[in-house]
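Participant: the following block contains a protein sequence and its predicted model.
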There are 2 protein chains.
Amino acid sequence: MSVTYPKGFRAAGVTAGLKPSGRPDLGLLVGDPSTTAAGLFTTNLVAAAPVRLSRARLDGAANGPRAVLVNSGQANAATGARGDADVLAATDAAAAALGLQPSEVVQCSTGVIGEPVHMEPLLAAMPMLVEGLSDHGGPEFARAITTTDTVDKQAMADAGVHRVGGCAKGVGMIAPNLATMLVFMTTDATVSSTDLHRLAHEQLKPRFDALTVDACTSTNDTVLVFASGAQGADPTTPGAPWWSALEGAFAEVGESLARQLVADGEGATHVLLVDVWGGRTEGDARVVAKAVADSPLVKTAAFGGDPNPGRILQAVGASGVSIDPSSVDIEIGDVRVVTAGVIPPAYFVDGARLAASASVAMRKSEIRIGVCLGSGPGRSRALGCDLSYEYVRINGEYTT
Amino acid sequence: MSVTYPKGFRAAGVTAGLKPSGRPDLGLLVGDPSTTAAGLFTTNLVAAAPVRLSRARLDGAANGPRAVLVNSGQANAATGARGDADVLAATDAAAAALGLQPSEVVQCSTGVIGEPVHMEPLLAAMPMLVEGLSDHGGPEFARAITTTDTVDKQAMADAGVHRVGGCAKGVGMIAPNLATMLVFMTTDATVSSTDLHRLAHEQLKPRFDALTVDACTSTNDTVLVFASGAQGADPTTPGAPWWSALEGAFAEVGESLARQLVADGEGATHVLLVDVWGGRTEGDARVVAKAVADSPLVKTAAFGGDPNPGRILQAVGASGVSIDPSSVDIEIGDVRVVTAGVIPPAYFVDGARLAASASVAMRKSEIRIGVCLGSGPGRSRALGCDLSYEYVRINGEYTT
């Protein structure tokens, strides 16, 4: 049921005709009047028009947003003044159909960068979309926001008396020419927008920041969180009875959606879990973890099932973080392949047991790479996937 | 004749048996007694043992290096104390055979990271290698330093009465498991080691820094420059008659080798020239140029011949450089595809002439992408290549 698992939310998804494929391409999620909202947005400076509008309306406090319109097919990025006018027109139309103020509606878009949103079919579909809203419409909404995702991505968790639900889309920066990771999460707890922002920053941001399919930050990435308060319990604030359960449920749903996103990465056949510890700072550990997960040499080695300690070391040494190579240990699965910066010579002996064990670990569907940088307190994880022929096919064979 | 084109150099290349393939794998380049030297080395903190030794001997001044021994097959990186002992033993042996001080010999290695150098065949081949030295041995030397390079890379240029020659190897960070870009350049001008270092920094460093096959900085990258003084003319110093001709010849040979390297990048079918101008600083322009040339989405688009302005904009916006999106213009070949941050809507009209022209430019063997960031003075160029099935095959299908 994803975003409609918690009480106080209605959702719908329809085929408006924005995508040539004829698949569902317009979704709407609406919370009860008491709903609060928080958001996380792309750091790409070329931010899409809907990202700029949503960010402004979430900062605008007063009548905060409680509805989000999502279209797939066109990203409404690099579209200039026309793009800004289009997102205003679309949210105005949705607000009118819902009987809300325009400031209560935000929009997310995903699809081709630069192509103007097909406004005519979008506006024409609005009555049907609002008509279709229901408290079990989560799956239709989750379907309508996808582009070339091969599976719908949904998750839910319980937090004591409260519920948390979510859905996501994304397969890289892109699909042929398409962009964006979008994540929507809901809860029926009563949470102020300040506390909701804190939950988003503390429980969700690290999990989605750890993701990397192709190191390409989209122009449209958005995480939106809504709390309806419809469960009816006392407000959930830090220190209140349900707070830590709610934190846990946010973390669980966020982690589940992150894993689903990376497993459906374009052409992905393996998930890469890169754990780094012993860094001087958490920031250092994060940079190294991302450098390993983003390395095309590590990613192709993961595709080929080749346990290649030299490529992992190469990525660690070139990450830009100041490290002492002689204090670096590396594991593939549970197999230690680098000790104090040195690959054991036995690794290269024909039929070596060490290499054979590493090879087994490198062929699992989820490959864990552990990197110890030294004795510092900094630790981080990056979540990536391998680089396959299929990634090249999806992104290379497409021609306009 | 590459490195033996200038007077005062002898070179040789032999098959010592370090590589299973049975191809030439040991090279030696020796300059006349008056030879000066300068070097540029990898910034990867996991630097190979031969890199550390060569760097130390080049800084050591007094009896500066005038000979370099190069082995392919093993990179001697992540090999610990044994690696340090091996590079000392190899350069000691070469020095003894040449009648030089050990400090006059440096070493470069390229091949598998972590695997110890096969010292027995290397030492056994030393007499044959020294025996084979000749003043037309440049091509044999150029061949012996390659790993999975598909072509030998050599260049030469005249600088008035002087000559400049060079050779290089490299196909990525790597080849299946192999590492490194190595560049050797020679001149018969009389140049102090200080001035030679200046030539290397001013004329060569920017050209090789601009290169990117897979964004993976090797553990072994090395550029070595030698000046023999054998032409016999007056010392060439900044401001002296031949200085600017020598600068030009260094730039020409460096540029030629850089192009040869990137054109032979693993799986490369197109060369990417990314020119960035109008940046606040040269550093800003360089970061943006590299971000575009390294983007897997731009690289796969180049492979597929897909002119995709959104992917280029995405890379510019996510590069980390502070830019104003509304002042960004982008060209593919001579075709303007983004103006003031906006992709013209006409681009997406079926059969649009704009997209068709961009498509032609995107199918050339050398694809030029121009990015104007604004009105600042910073400009830079990155030299890259596309990302093809073959890159994935080379790096993924190999299994230990």
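Facilitator: Okay, I see it. Everything numeric here is computed off the predicted structure, so don't read it as measured data.

Participant: spell out which residues of the stretch 201-350 of chain A are next to chain B.
Facilitator: A:214-219, A:295-297, A:300-301, A:303-311, A:313-318, A:322-323, A:325-326, A:328, A:338, A:340-343, A:345, A:347-348 (C-beta under 8 Å from any C-beta of the partner chain). For the C-beta atoms, the positions are set from N, CA and C on the backbone; glycine is no exception.

Participant: what's the ChimeraX line that selects buried ones from those?
Facilitator: Remark: buried members of these, expressed as a ChimeraX selection using 16 or more other C-beta atoms under 10 Å in any protein chain shown:
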select /A:214,215,216,217,218,219,295,296,297,300,301,303,304,305,306,307,308,309,310,311,313,314,315,316,317,318,323,325,328,338,341,342,343,347,348
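
Participant: next step: the residues of the stretch 201-350 of chain A next to chain B restricted to strands.
Facilitator: Judged by DSSP state E, these include residue A:338 as members of strands.

Participant: next step: the residues of the stretch 201-350 of chain A next to chain B restricted to helices.
Facilitator: A:296-297, A:300-301, A:303-304, A:309-311, A:313-317 (DSSP state H).

Participant: and the lengthiest helix in chain A, what's buried?
Facilitator: The longest helix of chain A (DSSP H) is helix A:243-263. For helix A:243-263, a neighbour-count test (16+ other C-beta under 10 Å) marks A:243, A:245-263 as buried.

Participant: what of stretch A:332-339?
Facilitator: Neighbour-count burial for stretch A:332-339 [16+ other C-beta under 10 Å]: A:332-333, A:335-338.

Participant: got it, and stretch A:89-96?
Facilitator: A:90-91, A:93-95.

Participant: ok, and what's touching that stretch?
Facilitator: With contact meaning C-beta atoms under 8 Å, 6 or more residues apart in numbering or on different chains, stretch A:89-96 is reached by A:28, A:53, A:67, A:69, A:71, A:100-102, A:104-107, A:117, A:119, A:122-123, A:126, A:130.

Participant: go again with 10 Å.
Facilitator: Stretch A:89-96 has contacts (C-beta atoms under 10 Å, 6 or more residues apart in numbering or on different chains) with A:26, A:28, A:30, A:49-50, A:53-54, A:57, A:65, A:67-69, A:71, A:76, A:100-107, A:109, A:117, A:119, A:122-127, A:129-130.

Participant: restricted to strands, list those residues.
Facilitator: Using DSSP E, the contacts of stretch A:89-96 in strands are A:26, A:28, A:30, A:67-69, A:71, A:105-107, A:109.

Participant: for residue A:35, see how far away residue A:229 is.
Facilitator: 7 Å (C-beta to C-beta, to the nearest Å).

Participant: what residues are shared contacts of these two?
Facilitator: What both residue A:229 and residue A:35 touch, as defined by C-beta under 10 Å, 6+ apart, is the set A:8, A:187-188, A:190-191.

Participant: ok, which of the residues you listed also contact chain B?
Facilitator: Among the shared contacts of residue A:229 and residue A:35, no residue sits close to chain B (C-beta under 10 Å from any C-beta of the partner chain).

Participant: of the residues you listed, which is the most crowded?
Facilitator: Per-residue neighbour counts (other C-beta atoms under 10 Å in any protein chain shown) across the shared contacts of residue A:229 and residue A:35 peak at residue A:187, which has 35 neighbours.

Participant: that one contacts residue A:249, correct?
Facilitator: Yes. Counting by C-beta atoms under 10 Å, residue A:249 is a contact partner of residue A:187 at 7.5 Å.

Participant: any shared contact partners between those two?
Facilitator: With C-beta under 10 Å, 6+ apart, residue A:187 and residue A:249 have common neighbours A:6, A:157, A:159, A:162-166, A:199.

Participant: nearest to residue B:369, of these?
Facilitator: residue A:166 (38.1 Å; C-beta to C-beta).

Participant: measure that closest one to chain B for me?
Facilitator: 25 Å (C-beta to the nearest C-beta, to the nearest Å).

Participant: spatially nearest residue to that residue (excluding sequence neighbours)?
Facilitator: Spatial nearest neighbour of residue A:166, chain neighbours left out: residue A:185 (3.8 Å); criterion: C-beta to C-beta, 6 or more residues apart in numbering or on different chains.
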